[in-house]
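S.K.: any chance you can model this:
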Amino acid sequence: MKILITGGAGFLGKAIIQQLLQRGETVRTYSRGHYPELIEMGVETFQGDLNDSQTLNKAVESCDAVIHVAAKAGIWGSYKSYYKSNVLGTKAVIQACLKTGVKRLVYTSSPSVVFGGENLSGVNESIPYPSSFLAAYPSTKAEAEQIVLKANSEQLQTVALRPHLIWGPGDRHLVPKLIARAKAAKLRFIGKDNPLVDTVYIDNAAEAHLNALDRLTPGSRICGKSYFISQGEPIGIKDWVNSLLLAAKVPPVQKSIPYSVAYGAAYFFETLYKGLRIEKDPPLTRFLVQQLAKEHWFDISAAREELGYQPKVSIEEGMRRLSATLSKQ
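M.R.: Okay, here's the model as predicted:
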């Protein structure tokens, strides 16, 4: 089988590629940049913007399936830039699949598409999308997910996965940022509580995509549906963050700031950065404060039953692997 991965140079994209290659699949990638390491892995690479239909069609052509991982992530930035990448880019991928006859599309979504600021405690996929969002990322990912699911048909089978807080060796964003802020004594928890959150180890997240790919056939019960993907082991956010820091041999974070103070500061920073048109991330945003202060863990029964998903690498084992990798670095 020949599979195209959009965003193949990213953390999740590369892990999916590695697992596909290990089982003997032919892999292509479509990314904005040039990544020699992918070529060295034996991957056929295409370079371009998702909205460059001519180049995208060439990349999709003759493939059996597409795993659409590429997205603009983050907590700050113009809505227009997120919409272009996440909504228009996803529409372009769907159109390329339809034009070239690709039958299967696996879309990487996010649990943030159902986060409206309230606790999400053991919810399943029946929870509706919220009426409003505090950031462009979850808003545009929610719109893109709905477009993907509505595109499911006899001609193109689609499914959306919602992996939550992906971590592990090879991460160039979440873990390094936490470590850097902790070393600089700039990392604080929000509030006195230790809200439960779901996470997912990188290998488990990648394998879930392969499971979905294999089951995405005409008439399958997964067609046109979304699935939460996690460890199935909710953990206190303070415990999880300090476990990551322990793996990096960095002292744990002990200090917290009150929720009301953090939320007020976030509102101030958002107003200031927007008024001055500052593009870099503010120290805090309201979306980030709520993500750190609220519970967000999910019932993954549907993924277990319908995707055959089993998180093989536990949090404990994942931390051991991460620690070993960070020690080498």
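
S.K.: sec struct for the residue nearest to V43 when sequence neighbours are not counted, please.
M.R.: Of all residues beyond its chain neighbours, the one nearest V43 is V27 (5.0 Å), with distances taken as Cβ to Cβ, 6 or more residues apart in numbering. Placement of C-beta: from N, CA and C, glycine included. Under the three-state scheme (DSSP: H, G, I helix; E, B strand; the rest coil), V27 adopts strand.

S.K.: show me what the helix or strand containing S81 is packed against.
M.R.: Element membership of S81 [criterion: DSSP states H and E] is helix 79-82. Applying 3 or more Cβ pairs under 8 Å, 6 or more residues apart in numbering; DSSP states H and E, one finds that helix 79-82 makes contact with helix 136-150.

S.K.: can you dump the C-alpha atoms of the helix it packs on in CSV for me?
M.R.: The C-alpha trace of helix 136-150 is given here as CSV (Å, rounded to 0.1, in the frame of the first residue of the first chain):
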residue,chain,number,x,y,z
ALA,A,136,-8.2,30.0,16.8
TYR,A,137,-6.6,26.5,16.9
PRO,A,138,-9.5,24.6,18.5
SER,A,139,-12.0,26.6,16.5
THR,A,140,-10.4,25.8,13.1
LYS,A,141,-9.6,22.2,14.0
ALA,A,142,-13.3,21.7,15.0
GLU,A,143,-14.5,23.1,11.7
ALA,A,144,-11.9,21.0,9.7
GLU,A,145,-13.0,17.9,11.6
GLN,A,146,-16.6,18.4,10.7
ILE,A,147,-15.7,18.9,7.1
VAL,A,148,-13.7,15.6,7.1
LEU,A,149,-16.5,13.7,8.7
LYS,A,150,-19.1,15.1,6.3
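
S.K.: what's that helix in contact with?
M.R.: Residues outside helix 136-150 that contact it (Cβ atoms under 8 Å, 6 or more residues apart in numbering): 68, 71-75, 77-79, 81-83, 85-87, 89-91, 94, 105, 107, 109-110, 112-115, 129, 133, 158, 160, 224-226, 287.

S.K.: how about 7 Å then?
M.R.: Here helix 136-150 makes contact (Cβ atoms under 7 Å, 6 or more residues apart in numbering) with 71, 73-75, 77, 79, 82-83, 86-87, 90-91, 94, 105, 107, 109-110, 112-113, 115, 129, 133, 158, 160, 224, 226.

S.K.: then stretch 3-21?
M.R.: Residues outside stretch 3-21 that contact it (Cβ under 7 Å, 6+ apart) are 25, 27-31, 33, 35, 38, 41-43, 50, 59-60, 63-71, 93, 108, 166, 170-172, 202-203, 205-207, 209-210.

S.K.: for stretch 82-95, same thing?
M.R.: With Cβ under 7 Å, 6+ apart, stretch 82-95 has contacts from 6, 50-51, 53, 56, 66, 68, 70-72, 105, 136-137, 140-141, 143-144, 147-148, 151.

S.K.: related to what we said a few turns ago, show me which of the contacts of helix 136-150 are buried.
M.R.: 71, 73, 75, 77, 82-83, 86-87, 90-91, 94, 105, 107, 109-110, 112-113, 115, 129, 133, 158, 160, 224, 226 (16 or more other Cβ atoms under 10 Å).
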